[in-house]
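Visitor: Quick one, fold the following:
(chains A and B)
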Amino acid sequence: MLGGIIGPVVVVLIAVVTPALAAGVARDLVRTSLLLTLPIAISALLVNLFFFPGGHQVLLRLGPITATAEGLEFALEILVRIMAISGAITLFYLTTRPQDLVVDLERRGVSARVAFVANASVQTVPAMVERAQQIAAAQRARGLDTEGSLWRRVRGVVPIVGPVILGSIAEVEERTLALEARGFTRPGMRTLLWWPSDSAQQRIARWGLVVALLSLVGARIAGWLG
Amino acid sequence: MLTLEGVSYRYAGATRASLRDVSLTLRDGEVLGVVGRSEAGKSTLCLVVSGLAPRTLGGTLSGRLLIDGRDAAGRAMHDMASDVAIGFQNPGTQLSGVATTVYEEVAFGPMNLGIGRDQVLRRTESSIDALAIRVLVDRDPDRLSGGQQQLVAIAGLLALAPRHLILDEPTAQLDPAGTRLVSDAIRRLAAGGASILIVEQKVDLLAGVCDRVMALDEGRVTLEGQAESVLANPALHALGVAEPSPTRLRRLATEAGVAARTIEVALSRAATEAADA
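Guide: Numbering: from 1, shown residues only, chains lettered A, B, ... in the order given. Okay, the predicted model is just below:
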């Protein structure tokens, strides 16, 4: 019955739980991935448990709806896959600085422009939040009401969003000029001052994960995992 | 040497030219100050001399820009970056937006030039020392004050080791100490043979660093000559440019009947005190 979940469980244990424990982020990992996936996990569980088409082995009846063993099996498969995906993404987020990722991508030959866009996207969010806070404070100082009823709050957003977006667009041109003048559009590799360390253990772990992934895919195709 | 020959420039979509028939020669090691009222064409002149207009901004340019005797037409902007560096008025938009520390921000330009790592580090270190921002090197550039960002932005330009430097109001957000650091850096760079064009409202700074000064009005050159004589020219007032402090003091003291020798002694002591500070 549990054949379909062995693969994802093994992946989660080897590729997510073990590195999270080693990095000391297991608690944050659980909290963040639960926060991200709980709504979708609950709905996937309920829908498949009670409405799985072709389920015969009845586990529970609640009025007109019936929970079946086949539905439970399929729901568990879905849940463990969601865990694998959300766990991997959360682990990556918790253990990788955006700057490290971008520099390493650039070192491996990814275009400086692509790396710049990736990095700037991450760094722009806090800057825009700060700008929005400054504009909100300035608008409040001029009498804008951003508190009280929902309608008042919605109305208060408009005079803040406009300047935030228009100001950001105006900055883009000046920033483009400054980047051009600092040689950013020059073709070829930039000189990198540093890059994230890549120890032998890390390389072994990476290749180990690739081998594990291929093995699981092979085992699945061969039918060894049910 | 930077040369403009009869340059006129009109922004894309504009009905009239922002620069009209401007010619200038900026020799190696020379500092040229540019003054004028708002919309006189000062920032446009910076964009044209740096090559950004019309290369990046579009618009229509007539006349020629020569960099070290070579026509800049047809050269790519990244190719000119090691020859001509430009700093703008708003330091926030001059920062790369991707560096997480001031050190990386200053190094951003030389890193783009593809020069050796040792050279990037040497230039970065020397620019950081030139503007006395060693204390900021580990800080996030986006979290600095406007004045600190301005110093970081200028350090980033110095790290390009440009042969020609264009500065558009580089001290707009700086306090007197920061302004002194910038003027010292300009003097050092010029002494090393770089030519520098600086647009500035602080005429005292121009009086201290410039060899020549040019006044623009409605896109045309209206005054040009040795810094001392242009800055003392009464016609500057009509162009919305303030007199340098010593000139104003001399005029006011003379009008009040103070003896010329007394004024010069007072000015000399003021200069000594400023240098000591």
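Visitor: Flag the shaky bits of chain A, pLDDT-wise.
Guide: Within chain A, the segments meeting pLDDT under 70 span A:1-4, A:7, A:146, A:225-226.
Visitor: can you rerun that using 80?
Guide: Along chain A, segments meeting pLDDT under 80 span A:1-8, A:10-11, A:54-55, A:98-99, A:118-131, A:139-140, A:142-160, A:168-171, A:216, A:224-226.
Visitor: How about the stretch 151-277 of chain B?
Guide: For the stretch 151-277 of chain B, the ranges with pLDDT under 80 are B:260, B:270-271, B:273-277.
Visitor: Which residues of it lie near chain A?
Guide: B:Gly156, B:Leu157, B:Leu160 (C-beta under 8 Å from any C-beta of the partner chain). Any C-beta I mention is one placed from the backbone N, CA and C, and that applies to glycine too.
Visitor: Select from these the one having the most neighbours.
Guide: B:Gly156 (29 neighbours; other C-beta atoms under 10 Å in any protein chain shown).
Visitor: tell me the secondary structure for it?
Guide: helix (DSSP: H, G, I helix; E, B strand; the rest coil).
Visitor: Surely it and B:Phe108 touch.
Guide: Yes - between B:Gly156 and B:Phe108 there is a contact at 6.2 Å, judged by C-beta atoms under 8 Å.
Visitor: Quick check: neighbours shared by those two?
Guide: Listed as contacting both B:Gly156 and B:Phe108 by C-beta atoms under 8 Å, 6 or more residues apart in numbering or on different chains are A:Arg182.
Visitor: out of the residues of the stretch 151-277 of chain B next to chain A, who's nearest B:Thr93?
Guide: B:Gly156 (12.6 Å; C-beta to C-beta).
Visitor: I'd like to know how many residues surround A:Arg131.
Guide: The local packing of A:Arg131 (other C-beta under 10 Å) involves 18 other residues.
Visitor: actually A:Leu49, sorry about that
Guide: 23.
Visitor: Next, the contact list for it, please.
Guide: Residues near A:Leu49 by C-beta under 8 Å, 6+ apart: A:Ala67, A:Thr68, A:Gly71, A:Leu72, A:Ala75.
Visitor: 6 Å - rerun?
Guide: A:Ala67, A:Gly71, A:Leu72, A:Ala75 (C-beta atoms under 6 Å, 6 or more residues apart in numbering or on different chains).
Visitor: ditto for B:Ala72
Guide: B:Gly51, B:Leu65.
Visitor: gap between it and B:Ala81?
Guide: Distance, B:Ala72 to B:Ala81, by C-beta to C-beta, to the nearest Å: 12 Å.
Visitor: mind giving me the domain split of chain A?
Guide: A:3-95, A:110-181 (automatic domain parsing).
Visitor: which residues of the stretch 101-250 of chain B fall in strands?
Guide: In the stretch 101-250 of chain B, the strands defined using DSSP state E, counting those that start in this stretch lie at B:164-168, B:195-199, B:212-217, B:220-226.
Visitor: what does the helix or strand where B:Glu264 lies rub up against?
Guide: Assigned by DSSP states H and E, B:Glu264 belongs to helix B:260-276. Under the criterion C-beta under 6 Å, 6+ apart, residues B:Pro246, B:Arg250, B:Ala253 lie in contact with helix B:260-276.
Visitor: For the residue lying closest to the first one once chain neighbours are set aside, give its distance to B:Arg261.
Guide: On the basis of C-beta to C-beta, 6 or more residues apart in numbering or on different chains, the spatially nearest residue to B:Pro246 that is not a chain neighbour turns out to be B:Leu267, at 5.3 Å. Spatial separation of B:Leu267 from B:Arg261 under the definition C-beta to C-beta is 11 Å.
Visitor: can you check A:Leu150 too?
Guide: Taking C-beta to C-beta, one finds A:Leu150 at 76 Å from B:Arg261.
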